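Participant: Sharing a model prediction with you, sequence too.
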Amino acid sequence: MLHYEFIVAQNPEEAGKLAADIFQEILLAKPRCVLGLATGSTPLPLYRELIAREKAGQLSFAQARSVNLDEYKGLGPDHPQSYRRFMQENLFDHISIDPVNTYVPDGLTRNSQAMCAEYEKKIETLGGVDIQLLGIGHDGHIGFNEPCDFFPAATHEVELEEITRQANQRFFDSIAEVPTAAYTMGIGTVMSARQILLMATGADKADILSRALLGPVTPQVPASILQFHPHVTVIADQAAASLIRR
Ligand code: GLP
């Protein structure tokens, strides 16, 4: 049984608007909020809507801070497929957030362990995440937390599953160019956010969404841990919600 809020939108655009309503509420109530952000195709309608609402004067990012979930290992801010670049192009360059207040794990670090530890520390220093936005991978990954035998607690380096590399190949020229490793917030990091907003759109997410929300809580389906978070909102379009019957 679902004990969290489950919202079904007609289509991805409406899902973006409904998600923007939640972000707007937080930005208005707490202008210096800490937004946990995600990459991928799913949040794009949300980001477009947030940009439009700021331009329309409905909300402001001027005081907000942001922390991103993950980054490819080996890709720098100028690489067209790095998540830092994705965030710049799809959100940060179009809103009033101060660039120094936007944090993405450093894909070019020479000391992975230290960078990951500092990222955790940074989130703590900011006062924790007010709302963490999540998409979901076809294997149930959140951020880049892939299925495994345990729930990784903190920000760490991870080997990417083949299914994930293949899904993300569409952004690269060839599969060989898709990085084999990444840095990601841990499941513990994600779970410590005060609120979580999981978005899923498209028929290809229907099966994994129902397994994550209705199946057993297991590290083999990392998103299933969200069943244990006290404040989760799920926004799915009709296609992704098609296997959820309540
Ligand atoms: C990537 C990202 C995830 C994202 C997932 C789904 O692997 N690391 O954060 O949620 O893909 O992406 P999409 O929204 O494009 O389906």
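Facilitator: Yep, it's here.

Participant: Please count neighbours and contacts with C-alpha atoms only from this point.
Facilitator: Fine.

Participant: Read off the pLDDT value for residue 1.
Facilitator: Looking at residue 1, its pLDDT is 44.

Participant: show me what contacts residue 226?
Facilitator: The contact partners of residue 226, by Cα atoms under 8 Å, 6 or more residues apart in numbering, come to 191, 213, 232.

Participant: got it, and residue 205?
Facilitator: Here residue 205 is in contact with 136, 137, 138, 239, 240 (Cα under 8 Å, 6+ apart).

Participant: would it count as being in a helix?
Facilitator: Yes. Residue 205 forms part of a helix when assessed by DSSP: H, G, I helix; E, B strand; the rest coil.

Participant: ok, now how distant is it from the ligand?
Facilitator: Look at residue 205 and the ligand: by Cα to the nearest ligand atom, to the nearest Å, they are 8 Å apart.

Participant: And residue 232, by the same measure?
Facilitator: For residue 232, the distance to the ligand equals 16 Å [Cα to the nearest ligand atom].

Participant: which of the contacts of residue 205 sit farthest apart?
Facilitator: Using Cα to Cα, the contacts of residue 205 reach their maximum pairwise distance at 137 and 239, which is 15.5 Å.

Participant: who has more neighbours, these two?
Facilitator: Comparing residue 137 with residue 239 by other Cα atoms under 10 Å, the one with more neighbours is residue 137, at 25 against 19.

Participant: Specify the local secondary structure of that one.
Facilitator: Reduced to three states by three-state DSSP, residue 137 is coil.

Participant: Now tell me what touches the worst-scoring helix or strand of the chain on mean pLDDT from outside.
Facilitator: Least confident helix or strand, the chain: helix 162-168 with a mean of 90, by mean pLDDT, DSSP states H and E. For helix 162-168, contacts defined as Cα under 8 Å, 6+ apart pick out 137, 138, 139, 175, 178, 179, 180.

Participant: Tell me where the chain has strands.
Facilitator: 5-9, 34-37, 65-68, 70-72, 102-103, 131-134, 156-159, 181-184, 196-200, 232-237 (DSSP state E).

Participant: Mean neighbour count for those - can I get that in a markdown table?
Facilitator: Listed next are the strands of the chain as a markdown table, based on neighbours: other Cα atoms under 10 Å:
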| stretch | mean neighbour count |
| --- | --- |
| strand 5-9 | 16 |
| strand 34-37 | 24 |
| strand 65-68 | 23 |
| strand 70-72 | 27 |
| strand 102-103 | 19 |
| strand 131-134 | 25 |
| strand 156-159 | 19 |
| strand 181-184 | 24 |
| strand 196-200 | 23 |
| strand 232-237 | 24 |
